[in-house]
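*Asks:* just need the structure, nothing else, for what follows:
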Amino acid sequence: MTEGHRPRGNPWFVPAILLGMVLGGVTGALLGREVAVIRLLGDLFLAALKMMIVPLVASSMIVGVSSLGDIRRLGRLGLLTLAYYLTTTLIAVVIGLLLVNLFRPGAGVQAGAVFDRAMSDYSFLDVIRGLVPANVFRAMAEGDILPLIFFSLFFGGVLTTVGAKARPVLAVVEGIFEISMRMVRIIVAAAPVGVFALVATRLGAAGGWSGFAAELRGLGIYAATVLAGLGVHGIVVLPALLLLLGRRSALRFVRDMAEPLMLAFSTASSSATLPVTIETIDEKAGVDPRVGSFVLPLGATVNMDGTALYEAVAAVFIAQSYGVDLTLPVQLVIVLTATLAAIGAAGIPEAGLVTMVMVLHAAGLPVEGIGIILAIDWFLDRCRTTVNVWGDAVGAAILERFAGLTPQADE
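*Replies:* This next block holds a predicted model:
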């Protein structure tokens, strides 16, 4: 579960993103209109991201679920862990949606023409009905994300129960996953150019300097909304659960876990932080290593509270910037997509940008607005990764009380 969008080993990436945003803003503000060549660059970048949705999402979710082993053998601790992670992820998404609807950071942003969303007449039953595809290949061809997620999770779960005969199938899917990831890294390496083109085109259509100022103001409020949501979830909700269910002091526990949390913020990678998290939660926090060694790797596969919250806020922010009023059923689509993506998208480094496009596409929202949020994403990435790791650690401490393990004998 690596949320970093930067190609590893490229220290120039973040400065390049910032430079692309600034140059795009200045270009769009000076020209005050769309330029066909610049728009083409942005369109190609977005098309490349959309191209990777189906192979990356399907393969990553199948591989992620299959990494759990035979789901019939998860046992009591496994089921409790999955239920806990699903619950906290849903809570995080709901927090994000409440805050973004309250503060409406995209309301003052002029994104150009109002977007005509085809999902405005969606009902709750349509959302539920749309989860199960009548034809999975048609769903892939039409870019229907929710049924694709459902099928991939279902396929991966059953795959774990087949045994030796399924190994060649899993090997093929793993190969598709690795190839897709390499393609994503190549595409994301072009993100600075894509950001430049998207920002320039969007601000050109929005009307020059006034649009540029509105974009920056909206981006600042958007970032503050994401940070507020992460703060509520990480500082209020998770410590409250730790105190009520885990019977542990949050202050002491966060002090014990300071090293992996700082490492998560500095690397923006919960996968890279995992070995330190496992060691620290045993030696400093005193959590039974039998619990930590199971719950934490599982959390690195299925638990991304911070990422799910961020994607929900970003989707609604983009909708607001295009003047789209999201109905409750469409926001439910965002909840389901962000939650299921967080559960199934296991270990997909540099792929957070693709999952963000996936959420937007599932909700019928324009993906062009992703160029603005990408400009600040390098910082928000570190913050949400820290919340992800903190959520995994809190989960291990809580689940220790309900694991039903007998005390270890002293050696």
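*Asks:* wait, residue 358 touches residue 334, no?
*Replies:* No: at 11.0 Å, residue 358 and residue 334 do not qualify as touching, with contact defined as C-beta atoms under 8 Å. To be clear about C-beta, it is placed using only N, CA and C from the backbone, and glycine gets the same treatment.
*Asks:* between the two, tell me which one has more neighbours.
*Replies:* Neighbour totals were compared for residue 358 and residue 334, and residue 358 leads with 30 against 26 (other C-beta atoms under 10 Å).
*Asks:* for residue 271, see how far away the more buried one is.
*Replies:* Between residue 358 and residue 271 the distance, using C-beta to C-beta, to the nearest Å, works out to 20 Å.
*Asks:* likewise residue 64?
*Replies:* The gap separating residue 64 from residue 271 is 12 Å, by C-beta to C-beta.
*Asks:* so where's the stretch 251-400 of the chain uncertain?
*Replies:* 342-353 (pLDDT under 70).
*Asks:* and if we set it to 50?
*Replies:* The stretch 251-400 of the chain contains residues with pLDDT under 50 at 347, 349.
*Asks:* end-to-end on stretch 358-377?
*Replies:* 16 Å (C-alpha to C-alpha, to the nearest Å).
*Asks:* and it, what's buried?
*Replies:* 358-377 (16 or more other C-beta atoms under 10 Å).
*Asks:* can you tell me which of those residues are in helices?
*Replies:* Among the buried residues of stretch 358-377, the members falling in helices (DSSP state H) are 358-362, 370-377.
*Asks:* ok, of those residues, which one's closest to residue 88?
*Replies:* Using C-beta to C-beta, residue 359 is the member of these that sits closest to residue 88, with 18.5 Å.
*Asks:* and that closest one, how far from residue 328?
*Replies:* 17 Å.
*Asks:* kindly report the same for residue 286.
*Replies:* 44 Å.
*Asks:* give me phi/psi at the residue nearest to the spatial centre of the chain?
*Replies:* Centre of the chain computed as the mean C-alpha position; nearest residue by C-alpha atoms, centre = their mean is residue 307, 3.7 Å away. Backbone torsions for residue 307, taken as degrees, to the nearest 10, come to phi -70, psi -40.
*Asks:* surely it meets residue 388?
*Replies:* Yes: at 6.3 Å, residue 307 counts as touching residue 388 under the criterion of C-beta under 8 Å.
*Asks:* mind listing what residue 138 touches?
*Replies:* residue 144 (C-beta atoms under 8 Å, 6 or more residues apart in numbering).
*Asks:* swap the cut-off to 10 Å and go again
*Replies:* 144, 147 (C-beta atoms under 10 Å, 6 or more residues apart in numbering).
*Asks:* report the distance from the host helix or strand of it to the chain centre.
*Replies:* Assigned by DSSP states H and E, residue 138 falls within helix 136-142. What separates the centre of helix 136-142 from the centre of its chain is 23 Å, taken as C-alpha atoms, centre = their mean, to the nearest Å.
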